[in-house]
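Student: Starting from these lines, generate the structure:
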Amino acid sequence: MIEEQGTMQCFGKISWFFTGKRFKDSSWSWIVCVSEAVCNSVNLGMALSFGVLFPVLMEYFNETRG
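Tutor: Reported below is the predicted structural model:
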């Protein structure tokens with residue numbers, strides 16, 4: 001009986017998380033969104049420009065493709 005009551009309390013807290021009151025977007029959420037977009041664009045830019053940078057890096061370190 002005690003175990004079932006503890007389980008119900010746990011599910012009650014979890015269901016409150018999903019059904020709780022929602023707030024409009026705050027300024028902090030926009031900062032997080034913009035910073036995430038910048039990080040993704042930098043990562044994508046580095047991945048797509050590596051073919052251009054690779055010969056320059058090989059020349060700088062005096063390496064061959066092998």
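Student: Can you check which helix is longest in the chain?
Tutor: helix 27-60 (DSSP state H).
Student: low-confidence ranges in the protein?
Tutor: 1-18, 20-23 (pLDDT under 70).
Student: now do 80
Tutor: 1-26, 66 (pLDDT under 80).
Student: Now residue 62: phi and psi?
Tutor: With angles defined as degrees, to the nearest 10, residue 62 sits at phi 50, psi 50.
Student: Look up how far residue 29 lies from it.
Tutor: Between residue 62 and residue 29 the computed distance is 48 Å (Cβ to Cβ, to the nearest Å). Yep, even glycine has a C-beta here, placed from its N, CA and C like the rest.
Student: More neighbours: those two, which one.
Tutor: residue 29 (11 against 6; other Cβ atoms under 10 Å).
Student: mind checking how far that one is from residue 37?
Tutor: In terms of Cβ to Cβ, residue 29 sits 13 Å off from residue 37.
Student: since we're on residue 65, how many residues are nearby?
Tutor: Neighbours of residue 65 using other Cβ under 10 Å come to 6.
Student: wait, residue 32
Tutor: Residue 32: 11 surrounding residues under other Cβ under 10 Å.
Student: Ok, residue 34 next?
Tutor: 10.
Student: Is there a neighbour count for residue 26? I'd like the number.
Tutor: Other residues within reach of residue 26, judged by other Cβ under 10 Å, total 9.
Student: ditto for the one 5 residues further on
Tutor: Other residues within reach of residue 31 by the criterion other Cβ under 10 Å amount to 10.
Student: I am finished for the moment; much appreciated.
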